[in-house]
Every structure is written in C-alpha cells, then in structure tokens.
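1. Could you look at this predicted model? Sequence included:
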Number of protein chains: 2
Amino acid sequence: MAVTIRSIAKKLGLSIGAVSRALDGYPDISDETRQRVIRMAQEMGYVPNRAARQLRRKKADAIGYILPAETPRFADPFFLEFVAGLGDETACYPFDLLISIASPGEDPEQKLYQSWVQGRKADGFILTHLHLHDWRVQYLISQGVPFATLEDTLDGFDFPRVEVDRKSGVVALMGHLSERGFQRIACIGGSPDLKIQSDQLEGYREGLRATDIRYDPDLVIESNLTSTGGYQATKRLLSIPDPPDAIICINDETAFGVLHAAHEQGLTVGHDLGVAGFDGVQASKHTEPPLTTMDIPVYDIARQLVKMLQAEMTGQPLSERRVVLQPNLLIRASTSGKLA
Amino acid sequence: MAVTIRSIAKKLGLSIGAVSRALDGYPDISDETRQRVIRMAQEMGYVPNRAARQLRRKKADAIGYILPAETPRFADPFFLEFVAGLGDETACYPFDLLISIASPGEDPEQKLYQSWVQGRKADGFILTHLHLHDWRVQYLISQGVPFATLEDTLDGFDFPRVEVDRKSGVVALMGHLSERGFQRIACIGGSPDLKIQSDQLEGYREGLRATDIRYDPDLVIESNLTSTGGYQATKRLLSIPDPPDAIICINDETAFGVLHAAHEQGLTVGHDLGVAGFDGVQASKHTEPPLTTMDIPVYDIARQLVKMLQAEMTGQPLSERRVVLQPNLLIRASTSGKLA
DNA sequence: TTGTAGGCGTTATCAA
DNA sequence: TTGATAACGCCTACAA
C-alpha cells in the first residue's frame, strides 16, 4: 500500500487537508505542524500521486516534444543534442518531458498532438522544423496551449522562439566556398514548405549574387534531411553533364550522405568536391574529412526553449520573447579548396 | 470545456457508465448502443483523460528509461539509437515512454526511480549499463515493478533481458588486431563495477592469452564511456615509455576521443595506432578513418526489450526470457594494420 | 490555525 | 443490457 497524504494524516492525527497544505507550503499552517508533517512525509517516503494531482489541478506538469521525423530515421545527431538539451533543462523544473515521433504533416501527427492536448498529457510544447504555414502553431494557439519554437512561420503569430539567422549563415558559407575557388555550388535542401529550406534558398541565391555565380536550377535539389537523402541527391548531382564542384547541405546529416556518395565516386572531398553542412553536430568533427559546417548551439537552444516555455506556462514575463542567433562558420577540411 | 464521457452520455441520453463500458469494449453492451457511443465520441473529438484513468486504474500506462549518464552534455549516439528503438516500439502499444537522465549510482538517481515508482509515473522500466550488483534491480524487484534489461548482474535474479556476448566479441577483436600485426594492445574501459567492463576485461585477458601477448597493467585504463574520457586516456597511454600500438575501447564514443587524441599526436590511425570501438553506432562509419567496431543491434535490442517488458507487464508468457546476441565484427580502416 | 467536504474524469461494483 | 454510485488521491473553498 502506497503512502498517501491520508496515511500521513492518520499517523499524525491531522486532517488530510492540513497535511496537503503543509506539504504545499501554504502560509496558513503553523511552523511546528509543517515541520512534523514534512519530517513524517520523508520518513514514510511519501511521493505525491501524479495522476491524482494532475486530475485535480487540471494540468500534467509535463512538456511535450514530438520529433517531426519518419519513425525509422532517427539516428540524426541533431535530435540527440536537441533532446539532451530539453532533458537537461526540464530536469531543472518540476516537469516531465514527453517525447514521441511522428511523420510531419501526416494524420498520425495531428492525432498525437490532439491526444496530448485534449488528454492533458502535456501542457506545453516545443516545436522544431516549422513549416512556412504550420498547422501545429495554429492548432496550439487555437487551443490556448503554450509553446516555444525553433524557427518561425510566415503567419505573423506571436510566440516565444529562437531563430537562427540561417540566411546570413548560408551567405557567409558561400563566400567561404567561393574564396576557396569553388565555382559551381549545389544546394541540397528539404521540403519546400519548411522555413529552414526557404531561408536556405534565400541565402543560397544571395550568396550566388554576391559571388557573381549564375543560378542554375539543376543544382538545387530537394531532399529530406537524412543522410540517405543526401546520398541519393549527390548521386544525381554528380551524374549531370556539368556536375557541381561543391555542395552545401541544409543540415549535417544530409552532408554525411554526401560524403559517402563522394567517396564512392572516388572524389577527394575538400579538393574535387567541397562539402558543407549546417548545425555543427558533434559527429561533423569526426567525418572523413571533417566537415565544414555552420555551427548552431543546438543543445543550448533546446535549453533556452524550455526556459522560455516554462516562463510562458507560469505566466512570468519574458525578457526576450524572440531570440535571434548567428551561426558560426566552422571551417574544416571538407572545403579545403580546389587550389589546395 | 473538454469533452468527457459525461458530456457524451448527456448528449446520448445514456449513463456515463454505459458510455465508459462501450468505449472500453466491454461485452455487456448492445452493439447498437456501442456504435452510437463510438460514433459520437469521434464526432465530439473525445480523448480520454489520462490522469483520471491512471488514478482509477492505479497504473500509468507508461514505461520509464532513465539514462545512466551525467546530466551535462552527453552526445552519445548509443543513447540516441537506443532511445529511438524504445520510442518506436513503445509507439506500438498504448504506452507512454518516460525518459530522464541521472548520474548512475548517485542519490538523485535513486530519488528519481523512487519517485517514478511510488508516484506511479511508470509501471515498468528499461535498464541499461547494469552494475555487477545493481541496486536498481534489487529495488524494482523489492517493489514488484517489472523491468527488462540490457546485460545482467551477478546476483542471479531472474528477469527478462538481452545479453551481448561481449567477451567473445572482444576475443575476436583481439584476434583481428593481432592478425593485423598489432602487438601492444591497450584497453580503455569504464567503471569497474559495470558488467560490460567486467566482460570487456575478461575478453581482453583471454584475447591476450590466445595471441600470446603478455598482460601489462599499464595498458588497461578506466575511463567513463565518453569521448572526452577516451581522449584523456589516450593522452596518458601515449605518454608512457612503451606506448601501445593499438587501443580497444569499451564503446564507440570512447573510441571517438581516441581518434581525436591520436590525430593530435600526428599518428596515422590504422597504421601507427590501431583503434577499435564497440557498439557499431552509425557515427562510427563516418569517422576519420572509419572505425573498426563490434556491432550490436542497439536499436533492435531496445525494441526487443520493450517487447519483453510489455509481455512481462501484461502477464503474457515470454518464449525467451533471456536472449543472448553475438556481436558482429565490422572491420574498417582504423585497424588496417601495421604492415599495411 | 485546522477540519470538512466536494469534485476533478474514470472505472468498477452493484442493483435495476 | 443499462443506470446509479462509490472510490482513486489530491486540492481548495469554506466552515469551525
């Protein structure tokens, strides 16, 4: 039989109400009683029953993150670092972290959000990989459920978020490639309704203009943020009549696939083919050759988002509702240069 | 106002009891009524309130996994793949997956398990990185809480588990290294009370005997399963008078650190220094050079464990309570050979 | 400062 | 086959 406030009350000859308030730190209880209650609770190993508390308070004390990914594809270091950040920061509050996976935009994803919201399993959400028009944002707003996001949508809603100035990052990256002598730069991206893809392309185009390279639609490929996707896209890119001499990718995971394909073709990455990623995940340090990438502090962003969400949920004023970060160019051997 | 069985009942002119049973598939309800209820529930977007259900049923319909890791920044792909497996398999059942992190063996870890058990937040657990004598196993058994584990303890308890024949794996690995001409093989491991460390050392010693290499205690280093740990251990190993020409590691993450340190010293990994890991995480493919490792199906193991736990929790008979897997040697360039 | 009691949404045990 | 009704453990007006 588990120990409840009732059993503590009985042992102490108090009412359960008194025990409850003593434990919850209400002011209307004598210090002495409170001490007795607290001591006894510890002694008996009391742990509040989560379900009862949730039912009564009508909240779950949990925040949810639903990975927008195909179920089988989950080995993306980005998610690990991100989830690690969520977990570490959540641990600082009396919250749980609920995690699940669902293919973005599909019916199961909607069902899952609905079930977590309606079933009160989570009372706040973290969102990543936002779409230009994201139904999740609209849904959560319509339900009055707080959330915090990485990236933004085009719909002009106001919510706490962290943004990465991806466009500038890509421009800088293009500049770097051009400096190193790469002339024909391809871009492997993601689904066109992703905000990061739209930013990526903007940066790409501006980067081309800045370096006076002509835009060639054959060099822009839509992929799916996975290394397999990067691999396949690269196969395609390398088989066209006038193949690129450099490839920038929407994320590191895609770039890993590019490296794989390039090796298979016997190309010397960094010289024959420049390759760059985006995210700066740990694994990018250890590739062959190490990957040039735009580093963003994924782990810290996740922590920051939880912090923001927490403030939002407890109604604290947020000093910065919108944080914009500049990515940081990490130059490594994968773009050492045609001239090198 | 959220839709509850009560609101469905009112709309249908039924009692809440009838609605509840209709939804839960009890046999004592007319087919017609059941259909009406189900249709109405869908129409109104009914989602059962988790907390109420849990409170009443006295279970959480959730399984827990507490990562045995230091909270600050861990980016170990092993956990990602493992958690991915847990998540994917859990999604096949009406369960939640609760994940948290706590330093193994420390007080917070105990508090966390206690809180999840007593507070009925999880009614089953997955355990990894078992110690030779593991308090978690004893605690959960004493509380009658079901669990399934990767690895075993020495205490002879009976519980569903997956074991990896690490010892044979290490012996095979040593054989491979010896074949490739490596003579002075070091071993970077983990805490001595870890079961995997004990297996690792057994394999190491047997491997030495089999290849007629003398045991040298200077070549056996305790580390902490992180790449930082592997890096530091390697610095130490390479600074002794008679440094090793090969290093085997307790996991891939450690090996990543070894690669880093070796590069820093200007060594050609694979030739000057053979390096091997254990786990076969995805990232090991992309290192410089690609890492020789003993591959174990981390993702599938996780799924299998959830399957076992699920059977245990629902009282289904388990055909195999104990599964033993053979790891699979993946030979890559990090052990290409002194002679190569 | 403390006790009492109603109710959160479900499930389960009775009768009807 | 269905309808009342009592829990489950906790919180919180309100009364004492």
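-> Happy to help now that I have it. Numbers count the residues shown, from 1 in each chain, chains lettered A, B, ... in the order given.
2. all strands in the stretch 101-250 of chain A, in order from the N-terminus.
-> With strands called from DSSP state E, counting those that start in this stretch, the stretch 101-250 of chain A shows them at A:125-127, A:147-150, A:161-164, A:185-189, A:220-222, A:246-249.
3. if you compare the ones you listed, which one is most tucked away?
-> strand A:246-249 (a mean of 32; mean count of other C-beta atoms under 10 Å in any protein chain shown). (C-beta placed from N, C-alpha, C; glycine too.)
4. Check which helices and strands the helix or strand just after that strand sits against.
-> Using DSSP states H and E, the next helix or strand after strand A:246-249 towards the C-terminus is helix A:252-264. When contacts are defined as 3 or more C-beta pairs under 8 Å, 6 or more residues apart in numbering or on different chains; DSSP states H and E, helix A:252-264 packs onto helix A:77-90, helix A:227-239, strand A:246-249, strand A:274-279.
5. With distance to A:Asp155 and mean pLDDT as added columns, please give those in TSV.
-> Below are these laid out as TSV (distance: least, C-beta to C-beta, whole Å; pLDDT from 0 to 100):
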stretch	distance to A:Asp155	mean pLDDT
helix A:77-90	23	85
helix A:227-239	27	96
strand A:246-249	27	98
strand A:274-279	24	98
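6. most neighbours per residue, which of those?
-> Ranked by mean neighbour count, the helices and strands packed on helix A:252-264 are led by strand A:246-249 with a mean of 32 (mean count of other C-beta under 10 Å).
7. Up against DNA strand C, what does chain A have?
-> Listed as neighbours of DNA strand C in chain A under the rule C-beta under 7 Å from any atom of the strand: A:13-18, A:21, A:27-30, A:32-34, A:52, A:55-56, A:58.
8. Buried only: go through the residues you listed for me.
-> Burial by neighbour count, 16 or more other C-beta atoms under 10 Å in any protein chain shown: within the residues of chain A next to DNA strand C this picks out A:Leu14, A:Ala18, A:Arg21, A:Ile29, A:Arg34, A:Ala52, A:Leu55.
9. can you pull the contacts of the residue nearest to A:Arg136 when sequence neighbours are not counted?
-> In this structure, A:Arg136 finds its nearest non-sequential neighbour in A:Leu127, 5.7 Å apart by C-beta to C-beta, 6 or more residues apart in numbering or on different chains. Contact partners of A:Leu127, counting by C-beta atoms under 8 Å, 6 or more residues apart in numbering or on different chains, are A:Asp134, A:Arg136, A:Val137, A:Phe147, A:Ala148, A:Thr149, A:Leu150.
10. any idea how far A:Leu127 lies from chain B?
-> Here A:Leu127 is placed at a distance of 18 Å from chain B (C-beta to the nearest C-beta, to the nearest Å).
11. Mind listing the residues bridging to that residue?
-> A:Thr149 (DSSP bridges).
12. Hmm, A:Leu132 is touching A:Lys195, no?
-> Yes: applying C-beta atoms under 8 Å as the test, A:Leu132 and A:Lys195 come out as touching, 5.8 Å apart.
13. and for the two, which residues touch both?
-> With C-beta under 8 Å, 6+ apart as the test, A:Leu132 and A:Lys195 both reach A:Thr153, A:Leu154.
14. about what we covered before: from the contacts of A:Leu127, pick the one nearest DNA strand D.
-> For these, the residue nearest DNA strand D by C-beta to the nearest atom of the strand is A:Phe147; the value is 23.5 Å.
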